[in-house]
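Engineer: here you go, sequence then predicted model.
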Amino acid sequence: MDRLTLRRPDDWHLHLRDGAVMRAVLPHTATQFARALVMPNLVPPVVTAADAADYRDRILAANPRGSGFRPLMTLYLTEETQPRDVRAAAEIGLIIAVKLYPAGATTNSASGVRDMGKVMRVLENMAQIGLPLCVHGEVVDSDVDIFDREAAFIDRVLDPLRRQIPGLRVVMEHVTTRDAVEYVRSGGDDLGATITVHHLVLNRNHMLAGGIRPHYYCLPVLKRETHRRALVEAALSGDSSFFLGTDSAPHVDAAKLQPCGCAGCFTAPVAMPLLADLFDAEGALDRLEGFASEHGARFYGLPLNTGTLTLERKAPTLLANVETDDGPLTVFDPGRAIGWRVAEEGCAP
Ligand SMILES: NC(=O)N[C@@H](CC(=O)O)C(=O)O
Ligand SMILES: [Zn+2]
Ligand SMILES: [Zn+2]
């Protein structure tokens with residue numbers, strides 16, 4: 001098969017940033033995706049409904065004319081978040097989820113949650129109105145090795161929380177381990193998971209063996225091959241609990257290439273071509289539409305897109321960087337030639 005037309009996909013976990021970087025990265029998402037769930041970890045974070053409305057307006061102002069792309073907004077959960085504010089923002093359709101960052105777990109998470117006890121009232125309210133909680137599922141406890149942070153989060157935080165608030169809808173963001181895949185698989189309809197493109201194609205050897213590759217460094221950090229295989233199996237399985245969230249997380253090269261470099265892989269420009277490469281290699285191109293275009297919308301109770309996206313095979317080529325007024329962004333994966341591209345045709349959302 002040299003061409004593949006699928007229902008227009010959605011990206012259920014995306015960092016658009018703001019300002020010059022947002023203007024440079026947004027068109028790459030808008031040419032592939034109808035909608036994206038926009039992460040709120042700006043500096044300062046998107047904590048109030050007013051913040052979310054302003055941010056949405058800035059995104060729409062930078063949206064390429066005629067793209068039809070729709071940003072779906074989230075609020076950043078803090079220990080001060082008020083249940084009534086969350087309810088009000090959800091009721092007017094401004095937000096479709098709230099994001100939990102354990103404080104210190106990842107980029108711009110300093111305003112996140114230290115004590116889960118302080119956010120229980122908000123979470124109980126969210127369960128009542130069916131508003132999903134998206135979680136960066138890693139503990140930051142000093143006794144836990146960084147490669148075990150996700151598994152420990154399930155045991156220490158997520159599973160107790162879901163028992164305490166039955167009916168709370170949760171998306172485990174960017175799952176990276178077999179442990180998370182198994183937990184989500186057995187978690188029922190109220191539990192879903194996003195899987196990124198980079199975690200589907202790389203393991204930790206790719207990042208660390210034969211030289212350190214800063215553009216592969218993201219959080220949760222890449223894991224060993226058995227975990228990557230579990231993610232691939234979940235994405236190909238047709239299980240609707242698993243859906244695409246690229247976690248495309250641009251940081252200009254100057255911020256990534258330094259003694260303490262930022263975490264995040266900038267995958268947006270190649271997200272769908274790279275996925276096509278992977279699903280093709282696995283002999284499962286027919287599974288791509290469910291994973292990228294259907295399962296997520298069903299989880300969030302939103303209509304499926306009616307537009308399409310066409311991908312076509314091409315001679316494998318390396319990618320150019322994306323320039324911004326703040327400096328260049330290296331597109332993931334700087335070492336990989338990609339054998340698919342987005343075709344001109346196809347209709348927007
Ligand atoms: N994934 C990352 O490595 N980085 C994300 C934050 C996040 O999604 O955890 C970022 O905002 O840069
Ligand atoms: Zn995260
Ligand atoms: Zn992210």
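Structural biologist: Yes, it's here. Ligands and ions are numbered 1, 2, ... in the order given.
Engineer: just the endpoints, please. Distance across stretch 34-51?
Structural biologist: Terminal residues of stretch 34-51 are spaced 23 Å apart (C-alpha to C-alpha, to the nearest Å).
Engineer: can that stretch be found next to ligand 1?
Structural biologist: Yes - residues of stretch 34-51 contacting ligand 1 under C-beta under 6 Å from any ligand atom: residue 41. C-beta: built from backbone N, CA, C; applies to glycine.
Engineer: do that stretch and ligand 2 meet?
Structural biologist: No - counting by C-beta under 5 Å from the ion, ligand 2 has no neighbours in stretch 34-51; the shortest distance is 7.7 Å.
Engineer: residue 313 - that's part of a strand, no?
Structural biologist: Yes - looking at residue 313 with DSSP: H, G, I helix; E, B strand; the rest coil, it is inside a strand.
Engineer: that one bridge partners, please.
Structural biologist: Per DSSP bridges, the residues bridged to residue 313 are residue 340.
Engineer: surely it and residue 2 touch.
Structural biologist: Yes - in terms of C-beta atoms under 8 Å, residue 313 counts as a neighbour of residue 2; the distance is 4.5 Å.
Engineer: residue 182 sits in which helix or strand?
Structural biologist: Here residue 182 sits within helix 178-185, counting by DSSP states H and E.
Engineer: what residues does that helix touch?
Structural biologist: For helix 178-185, contacts defined as C-beta atoms under 8 Å, 6 or more residues apart in numbering pick out 137, 150-151, 154, 158-159, 172, 175, 191-193, 226-227, 230-231, 233-234, 239, 241-242.
Engineer: redo that, cut-off 7 Å
Structural biologist: 137, 150-151, 154, 172, 175, 191-193, 226-227, 230-231, 234, 239, 241 (C-beta atoms under 7 Å, 6 or more residues apart in numbering).
Engineer: among those residues, name the ones in strands.
Structural biologist: 172, 191, 192, 193 (DSSP state E).
Engineer: mind giving me the PyMOL command for buried ones among the contacts of helix 178-185?
Structural biologist: A single PyMOL command suffices to select whichever of the contacts of helix 178-185 are buried according to 16 or more other C-beta atoms under 10 Å:
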select buried, resi 137+150+151+154+172+175+191+192+193+227+230+231+234+239+241
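Engineer: and which of the contacts of helix 178-185 is nearest ligand 1?
Structural biologist: Ligand 1 lies nearest to residue 137 out of the contacts of helix 178-185, by C-beta to the nearest ligand atom, at 9.9 Å.
Engineer: got a list of what the closest one touches?
Structural biologist: 150, 153, 154, 158, 172, 173, 180.
Engineer: need the max-distance pair from those residues.
Structural biologist: Largest separation among the contacts of residue 137 by C-beta to C-beta: 154 and 173, giving 13.0 Å.
Engineer: coming back round to it: adding pLDDT and distance to ligand 2, write the ones in strands among the contacts of helix 178-185 out as TSV.
Structural biologist: Formatted as TSV, those follow (pLDDT from 0 to 100; distance: C-beta to the ion, whole Å):
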residue	pLDDT	distance to ligand 2
172	98	10
191	98	17
192	98	15
193	99	12
